Structures are given as C-alpha cells and as structure tokens.
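>>> build the 3D model from these lines:
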Amino acid sequence: MTYTSGLAPIVTVTGPGNLHHLSYASNGGIPNVVGKIPTMATTGAYNTTNFLLGFSYTYTGYAFYWDGTGPAFWRVEDSPFTEPVGTSWASATGVPYGSEIVLGLNVEAQVASAENRDNEVTVFFIPDGLN
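Predicted structure coming up:
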C-alpha cells in the first residue's frame with residue numbers, strides 16, 4: 001500500500017522536462033499544494049532521472065504528471081510492475097494515501113485551488129543505482 005511502511009512511488013523519466021506533483025484533500029484544513037520540479041541538468045544513466053514522491057500525513061490525495069520529451073513510468077520500491085505516468089492534470093496519475101490502486105484522475109479542480117510551490121514540492125531525486 002502506498003505511503004505506508006515507507007513505500008512511496010518512484011517515477012523514472014527520460015529526457016528533459018518537469019514532474020508536476022499535487023497534494024490535496026487535506027485532513028487538517030490546509031490548502032492544496034501543487035508544484036513542478038525539472039529533471040536534473042545532467043540526467044543519469046541512459047538520460048533518465050528517478051524521482052521519489054514524498055508525502056505528508058496531512059493530505060490523503062496525491063497526483064502527478066510528466067511534461068517531458070521522453071516517456072515516464074512509476075513503480076513502488078523495487079517492484080517489477082511499472083505503469084506510464086499521466087501527461088496533464090486532466091489525465092494525471094493519482095495515488096491516494098494507503099491505497100493499493102493507482103488511478104488515472106482529472107484533478108484540474110484541485111489544482112485550480114492549490115498554492116503553487118514550484119521547486120518546493122516534496123519530490124526527491126534518487127541518485128543512479130538506488131531503488
């Protein structure tokens with residue numbers, strides 16, 4: 001189950017672009033938070049960048065998408081199961097807290113009310129060779 005026992009999605013992207021991340025559905029009454037983070041200037045092996053999607057217990061909904069030139073896939077930890085990442089907020093990849101199901105979601109309404117946190121979202125670069 002995502003975001004429990006330390007399990008969070010990992011997104012692997014190819015080429016330049018931005019990973020957009022939304023935290024919404026606060027159980028503490030704070031605003032939704034949205035932002036993007038670009039790939040590293042020098043990407044890793046095979047022109048790829050790995051992102052670990054962080055979370056806060058304050059939110060129960062998370063969504064993300066990739067706007068880059070190459071493909072993007074998500075997985076949980078070292079699972080061999082991967083799926084493509086959404087390409088807009090209208091077709092974002094959604095990961096509810098504690099869910100075993102990853103959904104394709106339209107979260108445009110949640111983004112419209114979100115505070116922008118470009119380059120400050122809880123998304124981390126994973127160095128090459130780490131899972």
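
>>> now the residue lying farthest from the centre of the chain: which helix or strand?
Computed with Cα atoms, centre = their mean, the maximum C-alpha offset from the centroid of the chain is found at residue 29, amounting to 21.8 Å. Under DSSP states H and E, no helix or strand contains residue 29.

>>> show me where this structure has strands.
Along the chain, counting by DSSP state E, strands occupy 9-14, 18-26, 33-38, 48-53, 59-66, 72-76, 83-84, 92-94, 103-105, 115-116, 123-126.

>>> show me what contacts the residue farthest from the centre of the chain?
Going by Cβ atoms under 8 Å, 6 or more residues apart in numbering, residue 29 touches no other residue. Placement of C-beta: from N, CA and C, glycine included.

>>> and the gap between it and residue 63?
As judged by Cβ to Cβ, to the nearest Å, residue 29 and residue 63 stand 20 Å apart.

>>> not counting sequence-adjacent ones, nearest residue to residue 8?
Spatially, and ignoring its direct neighbours in sequence, residue 8 is nearest to residue 53 (5.4 Å; Cβ to Cβ, 6 or more residues apart in numbering).

>>> what's across from the one you found in the sheet?
residue 123 (DSSP bridges).

>>> can you tell me the centre-most residue of the protein?
The centre of the chain sits closest to residue 64, judged by Cα atoms, centre = their mean, with a distance of 4.2 Å.
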